[in-house]
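Chemist: Generate coordinates for the sequence data below:
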Amino acid sequence: MFRSLGKKKAKPDTTVDRGILVFENTTDVIRAENVLKAEGWKVRVMGPPPEIRSGCDLVIEFPLIEELSMIRKLEENNIKPTQVVPVNSVLLEPVDLLHEKEYDQYLMVRAANMKITVDRDTKMIVNVSGGGCPDVPYLAGEMVNKHLDAAPLPRDIGYTLCAYALQIAYDRVVEKCSL
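Modeler: Modelled structure (predicted):
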């Protein structure tokens, strides 16, 4: 049986008003995240709250005070959010994408619907699963039975939401296994 790791989730800073940027597709979310982080803004890609969920999508959480500057920067890069929503209710809280479980020497990290499992002793990837994108079998075939240091990065071999989520999970596994 899997058990959750003892680490508590960090609570959002309630002294800073937050908002979420909603986009038409995952490609725009990834592009927007790259642009905003390159400019030094502290943003997080999260799952959308149920009230604004429209399918297989993600949102970007950001400090609301930065809204105008961020929107301008995104427009300079031809990226337009479909909505900007202030997080003024618990019902509008974005959903954390990362979850971790341990079982004996195995560590499984799930990001959104993608999971990667690693043998902590050997650092070998023993399983990649989840999602519903057409490249999941390819991602698994390229990564399973490879050492963490030798496996290709999901972002380098995939282009879907599943590859993006798997990259988040992979990064967390690497971080946890190097401790």
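Chemist: how many other residues sit next to residue 61?
Modeler: Per other CB atoms under 10 Å, the neighbour tally for residue 61 reads 18. For every residue, glycine as well, the C-beta is placed using N, CA and C.
Chemist: go on, the one 4 residues further on?
Modeler: For residue 65, the number of neighbouring residues by other CB under 10 Å comes to 12.
Chemist: ok, now which ones touch it?
Modeler: Under the criterion of CB atoms under 8 Å, 6 or more residues apart in numbering, the contact list for residue 65 reads 16-17.
Chemist: one more time with 10 Å, if that's ok
Modeler: Residue 65 sits next to 16-19 when contact means CB atoms under 10 Å, 6 or more residues apart in numbering.
Chemist: for it, phi and psi?
Modeler: For residue 65, the backbone dihedrals (degrees, to the nearest 10) come out as phi -60, psi -20.
Chemist: Repeat that for the one 5 residues further on.
Modeler: The phi and psi values for residue 70, taken as degrees, to the nearest 10, are phi -70, psi -40.
Chemist: Counting neighbours, what do you get for it?
Modeler: 24.
Chemist: just checking, it touches residue 81?
Modeler: Yes. Under the criterion of CB atoms under 10 Å, residue 70 lies in contact with residue 81, with a separation of 9.2 Å.
Chemist: Determine the residues that are contacts of both of the two.
Modeler: Common neighbours of residue 70 and residue 81 (criterion: CB under 10 Å, 6+ apart): 21, 32, 60.
Chemist: In stretch 111-130, which residues are buried?
Modeler: Judged by neighbour count (16 or more other CB atoms under 10 Å), stretch 111-130 contains these buried residues: 111-119, 123-125, 127-130.
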